[in-house]
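1. no sequence for this one, just the structure:
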């Protein structure tokens with residue numbers, strides 16, 4: 001569809017048509033040289049008529065536009081995904097930092113509560129053993 005549109009423009013504009021012919025002849029010349037190199041000179045270049053060259057040039061431009069748009073979309077999508085991944089990694093890093101901070105605060109809180117409970121158990125154990133030894137269990141613990 002794009003090459004058809006470009007072909008229609010080329011039919012209406014002699015300057016654009018000349019550009020298409022020039023492009024097609026250049027591409028044909030490069031392809032002929034590549035073919036000569038690969039087949040050791042066995043290729044004979046027949047050339048293109050003006051009509052064939054204009055049509056081929058319009059097709060080449062159309063394909064170039066399609067490839068260009070495709071590559072631009074691919075580049076944009078890649079950059080967008082890269083940006084989204086970077087944002088996601090930043091959010092993940094922030095969440096990890098917040099989890100670490102919460103775990104640290106919890107450990108401090110639990111640590112002091114744990115220390116109090118341990119001290120109480122140790123004191124209770126010492127008091128309990130003493131009360132049992134003296135036979136005064138209920139009196140010393142209250």
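-> In hand now; what should we look at? Quantities reported herein were computed from a predicted structural model and do not represent experimental measurements.
2. contact partners of the helix or strand where residue 33 lies?
-> Using DSSP states H and E, residue 33 sits within helix 14-38. Where contact means C-beta atoms under 8 Å, 6 or more residues apart in numbering, the residues beyond helix 14-38 that reach it are 6, 9-11, 42-43, 45, 47-48, 50, 52-58, 60-61. No exception for glycine: its C-beta is placed from N, CA and C like everyone else's.
3. helix 14-38 and the helix or strand that that helix is followed by, what's the angle between them?
-> Using DSSP H and E, the helix or strand that directly follows helix 14-38 along the chain is helix 50-134. Interaxial angle of helix 50-134 relative to helix 14-38 (axes from the mean of the first three to the mean of the last three C-alpha atoms, to 10 degrees): 80 degrees.
4. can you name every helix or strand that helix 50-134 contacts?
-> helix 2-12, helix 14-38, helix 137-141 (3 or more C-beta pairs under 8 Å, 6 or more residues apart in numbering; DSSP states H and E).
5. pLDDT at residue 67, what is it?
-> With respect to pLDDT, residue 67 scores 91.
6. quick check: it vs residue 60, distance?
-> 10 Å (C-beta to C-beta, to the nearest Å).
7. more neighbours: which of those two?
-> For residue 67 versus residue 60, neighbours defined as other C-beta atoms under 10 Å are more numerous around residue 60 (18 against 10).
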